[in-house]
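Peer 1: Need a 3D model of the following:
(2 chains)
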2 protein chains.
Amino acid sequence: MRYSRRILATPSSFIRDILKVTEDPSVTSFAGGLPNPISFPQEALKESACNIIDNYGAKVFQYSTTEGYLPLRQFVADKYNKNFGLNIKPADVLITTGSQQALDLIAKALLNNGDKVIVEEPGYLGAIQAFCMFEPQFMPVTLEHEGLNLEELENALKAGAKFAYLVPNFQNPSGLTYTQERREAICKLFDKYDTVLVEDDPYGELRFKGKKLPYIGAGKLAHSVLLGTFSKTVTPGMRLGYIITQDEELMGHLVTAKQSSDLHTNIFSQYMIADYLAHNEYQKHVDKITALYREQSDSMLSAMREFFPPHVRYTEPEGGMFIWVTLPEGQSALALFHKAMEKKVAFVPGDPFYVDKHDVNTFRLNYTNSTDEMIRDGIKRLASVL
Amino acid sequence: MRYSRRILATPSSFIRDILKVTEDPSVTSFAGGLPNPISFPQEALKESACNIIDNYGAKVFQYSTTEGYLPLRQFVADKYNKNFGLNIKPADVLITTGSQQALDLIAKALLNNGDKVIVEEPGYLGAIQAFCMFEPQFMPVTLEHEGLNLEELENALKAGAKFAYLVPNFQNPSGLTYTQERREAICKLFDKYDTVLVEDDPYGELRFKGKKLPYIGAGKLAHSVLLGTFSKTVTPGMRLGYIITQDEELMGHLVTAKQSSDLHTNIFSQYMIADYLAHNEYQKHVDKITALYREQSDSMLSAMREFFPPHVRYTEPEGGMFIWVTLPEGQSALALFHKAMEKKVAFVPGDPFYVDKHDVNTFRLNYTNSTDEMIRDGIKRLASVL
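Peer 2: A predicted model of the protein is given here:
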């Protein structure tokens, strides 16, 4: 066999194929996961690009350190310390080429083939794909309205999973947020086992309803890893994410994995974002994005209330970018997708968010990249085929 | 065991430790592999940063395609078609997060653990590290003055190696260039086997002596892969490299591996470099770098001729960034390193460039990041401990 098992086992990218279909400009697409361009502070970033070349010259163009640009790591540490009362040092922060790379590095550092990995069901498809490359045995645990099912989780921990990957705030794809009680119960469980807890929080700052909740493991568990990104609040195009962990041994291995993967993250962009953060009011900027997403989410939910039949259920997110829809049992979201495309509306059928289920009755809607009119009109057309 | 076998097997980064020792500003370091900052066209890049924000707005900040920015892929295809009479289309080009990522993706797409990989001996340590992550069986083949040893190469091909990784121009670490005859003989061998030939050419444009030679496999072999980068000619800090292959099935798998690794390469930097290339005379810029490296290489070689004892041999590169030194048999370059550090001169002992040899009698010198005076003075001090 010419190719590796891992690459042959990776599903041909279903979502890419779908996104291609939806490139037709006459299609209203709720399929993507793109932040609204309002989140890109273009003029301020242009100023920062000039500033850093003027102020630092060759340094912003030369090879740099694997761990990342120190002032950016300091900003990240300060932000979490201030917002969550944590005690993170810059040395606990590794800048990655987007959060996607963080997933690759964690798998590289921890997984032998056949090792067990806990994922949410449904779970983030990019994480499933990244972990797939290391041929693990997936242990999907049901994501309930309050968070992971505790009994299934404990069974998976008992079975010796190497790590668990959770998105506790406004999860992708479900839009669900773990409750305070469920977070505490999950923390207690992890405390009894050796499994690394990876909390990915790309959307946490984009909360437009309810109150901020503490992390499950960060600052509490010895083998806790927290992931974050600038993709949803400044720019995804520059691929700047980060891994936070106070487990020094694990951090050492992650740095080695990072070095072998791409030496270091784009240093020009690290300087640029650090300069932007130093000279602009980040929190005010995030508040603007959050206000917009609140409106867009309201538009979609009110259209769904108006047009969707009562047998179709859906989540009501407190932040982030997604709503998760459940059709009556036995119905196929994939079949619905084809009918919806005839009405020129697109979404992502649930299949790629499951490790081993096909033709499921769930699908994902994104509201952050459409106008109120597009949302209302698109939901109405979608409802006509439900 | 908490960690993966691959990460535990990866040598603690020897070269990083060495580079730390050499951070002392009173040390003359020939240890690095940094391009001279003359290669960074700072003012032109600043203009390009402004241009792309003004001209393309949100597009340069948004998520983008895994394959890369089309005009940049077109530039790469055109360059090779013009300079080497190849027939590459943009679809044959995948933009990567530096060449280092190309190594990771190739290994991901091709290697199961235990699979055989051919590397040069000595070979590029970053490649050895990247491949290590996928637990291959290395098959080192001796790099002679004219290129790979053909008999050893054929034995490794017969043994069923998945791919071979070669740097035919001004190799890192040896500075050696494969001869025309050896290239042809190697191509003939690969034509008989199924092994993928990966030619990495980061330094090819920086030729200051002799005449340009055709690639070994590009345009000739069905399973040929060519790697290139903008790191040595425009900026390494932005991590922009590329994979070229006309093997469509392999390209499909590499794109999947890329998607799972970091979704796509920094799009802001892709637009920026494409804009720079469209509005500046790239070849003139490369000629300036090459002229400087010719001078620096001449300085180092003439100092070596003057000060080194006759029993110490070394290569005379026709381009690129490195000279490779061989001590008399039985002597240790690592022991010499410690003596040289007392004289405040640093280099990289040969050990990390070998898969399974220790305390070797070879070491690498870099000349691109020191002035003529530093080179002459540093070589004189180094000679005093030889």
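Peer 1: what does the domain assignment say about chain A?
Peer 2: Following automatic domain parsing, one finds the domains of chain A at A:5-40+A:284-383, A:58-279.
Peer 1: Out of those domains, flag the one nearest B:Thr179.
Peer 2: Closest to B:Thr179 of the domains of chain A, according to Cβ to Cβ: domain A:58-279, at 30.7 Å. All C-beta spots, glycine's among them, are computed from the backbone N, C-alpha and C.
Peer 1: list the contacts for the nearest residue to A:Asp115 once chain neighbours are set aside?
Peer 2: Using Cβ to Cβ, 6 or more residues apart in numbering or on different chains and skipping residues adjacent in sequence, the residue nearest A:Asp115 is A:Lys162, 4.7 Å away. By Cβ atoms under 8 Å, 6 or more residues apart in numbering or on different chains, the residues touching A:Lys162 are A:110-111, A:115-117, A:136, A:195-196, B:2.
Peer 1: coming back round to it: quickly, which of the domains of chain A bottoms out on average pLDDT?
Peer 2: The stretch with the lowest mean pLDDT among those is domain A:5-40+A:284-383, at a mean of 93.
Peer 1: in the top helix by length along chain A, what counts as buried?
Peer 2: With secondary structure taken from DSSP state H, chain A has its longest helix at helix A:282-307. Judged by neighbour count (16 or more other Cβ atoms under 10 Å in any protein chain shown), helix A:282-307 contains these buried residues: A:282, A:285-286, A:289-290, A:292-294, A:296-297, A:299-301, A:303-304, A:307.
Peer 1: Kindly report the same for stretch A:379-386.
Peer 2: Going by 16+ other Cβ under 10 Å, stretch A:379-386 has these buried residues: A:379-383, A:386.
Peer 1: Using PDB, write out the CA atom coordinates for it.
Peer 2: Extracted in PDB, the C-alpha atoms of stretch A:379-386 (Å, rounded to 0.1, in the frame of the first residue of the first chain):
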ATOM      1  CA  ILE A 379     -35.200  30.100   7.500                       C
ATOM      2  CA  LYS A 380     -38.600  30.500   5.800                       C
ATOM      3  CA  ARG A 381     -37.500  28.700   2.700                       C
ATOM      4  CA  LEU A 382     -35.900  26.000   4.800                       C
ATOM      5  CA  ALA A 383     -39.100  25.600   6.900                       C
ATOM      6  CA  SER A 384     -41.000  25.000   3.700                       C
ATOM      7  CA  VAL A 385     -39.300  21.600   3.200                       C
ATOM      8  CA  LEU A 386     -39.400  20.500   6.900                       C
END
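Peer 1: Can you list the neighbours in contact with it?
Peer 2: Defining contact as Cβ under 8 Å, 6+ apart, one finds that stretch A:379-386 is touched by A:28, A:30, A:300, A:303-304, A:307-309, A:312, A:327, A:336, A:339-340, A:342-345, A:347.
Peer 1: So which of those belong to strands?
Peer 2: Among those, the members found in strands (DSSP state E) are A:28, A:345.
Peer 1: Contact partners for A:Val255?
Peer 2: Applying Cβ under 8 Å, 6+ apart, the residues contacting A:Val255 are A:66-67, A:94.
Peer 1: got the residues of the stretch 201-350 of chain A near chain B?
Peer 2: A:231, A:235-239, A:250, A:253, A:256-257, A:259-269 (Cβ under 8 Å from any Cβ of the partner chain).
Peer 1: Would you mind measuring the gap between the ends of stretch A:326-342?
Peer 2: One end of stretch A:326-342 to the other measures 21 Å (Cα to Cα, to the nearest Å).
Peer 1: just to revisit the earlier point, among the contacts of A:Val255, which are in reach of chain B?
Peer 2: Near chain B, by the rule Cβ under 8 Å from any Cβ, you find A:Thr66 out of those.
Peer 1: Now the residue nearest to A:Asp115, what are its backbone angles?
Peer 2: phi -70, psi -50 (degrees, to the nearest 10).
Peer 1: returning to what we had before: looking at the residues of the stretch 201-350 of chain A next to chain B, which are in helices?
Peer 2: Short answer: those in helices (DSSP H) are A:250, A:253, A:256-257, A:259-262, A:267-269.
Peer 1: Dump the residues you listed to JSON lines, plus distance to A:Phe84 and neighbour count.
Peer 2: JSON lines is the format used below for these (distance: Cβ to Cβ, whole Å; neighbours: other Cβ atoms under 10 Å in any protein chain shown):
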{"residue": "A:Leu250", "distance to A:Phe84": "20", "neighbour count": "23"}
{"residue": "A:His253", "distance to A:Phe84": "25", "neighbour count": "22"}
{"residue": "A:Thr256", "distance to A:Phe84": "28", "neighbour count": "25"}
{"residue": "A:Ala257", "distance to A:Phe84": "26", "neighbour count": "26"}
{"residue": "A:Gln259", "distance to A:Phe84": "29", "neighbour count": "21"}
{"residue": "A:Ser260", "distance to A:Phe84": "31", "neighbour count": "28"}
{"residue": "A:Ser261", "distance to A:Phe84": "28", "neighbour count": "27"}
{"residue": "A:Asp262", "distance to A:Phe84": "29", "neighbour count": "28"}
{"residue": "A:Ile267", "distance to A:Phe84": "28", "neighbour count": "26"}
{"residue": "A:Phe268", "distance to A:Phe84": "30", "neighbour count": "27"}
{"residue": "A:Ser269", "distance to A:Phe84": "26", "neighbour count": "29"}
